[in-house]
Structure formats: C-alpha cells, structure tokens
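Provided below are the primary sequence and the corresponding predicted coordinates.
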Amino acid sequence: MLCTLLEQTGAAGRPNSFLREPSLQEWSEHWGIDCRVDVTDAAFNKRYLDALRQEGFGGTSVFGMRLMGQDLGFAMSWLDRCYPDLPDDLARLEAAFGPLRFIHLSRQDKLAEAVSLLRAEQTGLWHQNSDGSDMERLRPSSEEGFDPDAITERMTELRNLDRHWRVWFDLQGITPLHLTYEALAEDPIGVLAQVLTHIGCEGRLAQGTNPTLRKLADQTNADWIAQYRALHPLA
C-alpha cells in the first residue's frame, strides 16, 4: 500500500522490491535486459543496476525501493559485488542510489501477521485491488487450512526479521522513521504525509492519493487467530 501511495504522488519515485533474488529474472525481462541473469557477472550487474535506478526514480527526482527483511542479505551481498571497495552496507547503498532516508515498517500484532502470511502462502493471493481483482497471485504452497505449528513458525520468523533490522540499523548508524502497519491501515493518508516529509517532499502531496489495495484479512483470519489463542493464551 505504501509503495503504491508514494508512486501516486508523482514525486516520490516508483518503489518496489527490485532486489528480491527470485524476482531478478522477471525484472530483467521487464526491463529488456537481454543477457543472462548472473549476479557474478559484472556486465549483468551494471545493466541491472542502471535499469533498477531508472525504474526506482520513475521519472521523479526521488528514488524509491522496498526491501523486505528476508531480502536484506542478498541485497547487501549483491551491492558488495557492485562496490567491493566500499567499507559497509550504507556506503554501498549511497553509492548506488544517492543520499538516503530509511523507513522501517513493521506490524505490532505478530499473530495476525503470521496468519495473513500463512494464508497468502497457502492460497497464493498476496495483494488484491480495491475492485476485487488480483494484483499479485502466485502458485499456492499447500492446501489451505489452520496449522498452529506453521503459525508459530511464521511468528518466530517475523520477530527474528524485526530483530535483524534493528541490529542492521544499529551497525550502519541509521536512524529510520519507524512506522507500524496498524497506523498505516488506520490512516494511510496521514502516514503517507509523514513519510513524504521524512524524505524531503511536501506532505500535502498525500491529499491527492487514494489507497487502491483491498484488505485481505477476513473471518477466516479472525477464526484462526481465535483458535490459535485458545491453544496459546499468551500469544
């Protein structure tokens, strides 16, 4: 949602998950990169980085990129290949994309997040437009059904990712703008204005945007959460 809203402003780039390793092939095809995807090949890396920059700027003066916690390791390793002589991750990021502002978006309710994550994996439906059409649907990973052990595993993974982000920010000397999913869902325009101000854009640009994603959580999510809490009262 936040990436879509930022793009709608027409002033904050076109952020997306450009450094998600499984998506390199798809992005390369989208950008017309005709050489084989090979992150050990300097020529491929240069072409990919050039195309990534162009996409992330989206015709504006601001570059935007989304980086999920599970993609941080690959992204930093890839940038290290592009800029092997620089001392740390922050220096490589700034060499690639210029002066940066960081936003850390996390969800406070890890049980609800874990249930949503498991349902997305099971159904293959990750994002849906406000009119009910699919925005992103992948192959389902398994048959849909309540699985308390899988929910516990997802909660542990999500908490670990939040912890890894905090450690990485500290190591790099970065103070991000911390946001919660709950606040974004409650007041998307207000949170967008906060983000725009943080990255040096005018907060008033948020007023011309319109959230276009449909909330996927439904009664099944609520039922699974209730079933899980019956088994784990302290969750």
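Sure, I can see it.

next SSE downstream of the lengthiest helix in the chain?
Secondary structure of the chain per DSSP state H: the longest helix is helix 148-172. Per DSSP states H and E, the first helix or strand lying C-terminal to helix 148-172 is strand 177-180.

what is the mean pLDDT for that next one?
Confidence for strand 177-180, expressed as mean pLDDT, is 98.

what strands line up against that strand, and which way round?
strand 103-106 (parallel) (DSSP bridges).

hey, where'd the strands end up in this structure?
Applying DSSP state E to the chain gives strands spanning 103-106, 125-128, 134-137, 177-180.

buried residues in the longest helix of the chain, which are they?
Buried residues in helix 148-172, counted by 16 or more other CB atoms under 10 Å: 150, 151, 152, 154, 155, 158, 162, 165, 168, 169. For the C-beta atoms, the positions are set from N, CA and C on the backbone; glycine is no exception.

closest to residue 83 out of these?
residue 168 (17.3 Å; CB to CB).

so what's that closest one up against?
72, 89, 174 (CB atoms under 8 Å, 6 or more residues apart in numbering).

for it, give me the pLDDT.
98.

so residue 58 sits against residue 7, correct?
Yes - counting by CB atoms under 8 Å, residue 58 touches residue 7, with 6.4 Å between them.

shared neighbours, those two?
13, 14, 64.

what's around the last one, how many residues?
Read it as residue 64. Residues near residue 64, counting by other CB atoms under 10 Å, number 22.

any low-confidence regions in the chain?
Within the chain, the segments meeting pLDDT under 70 span 127, 132, 134-137.
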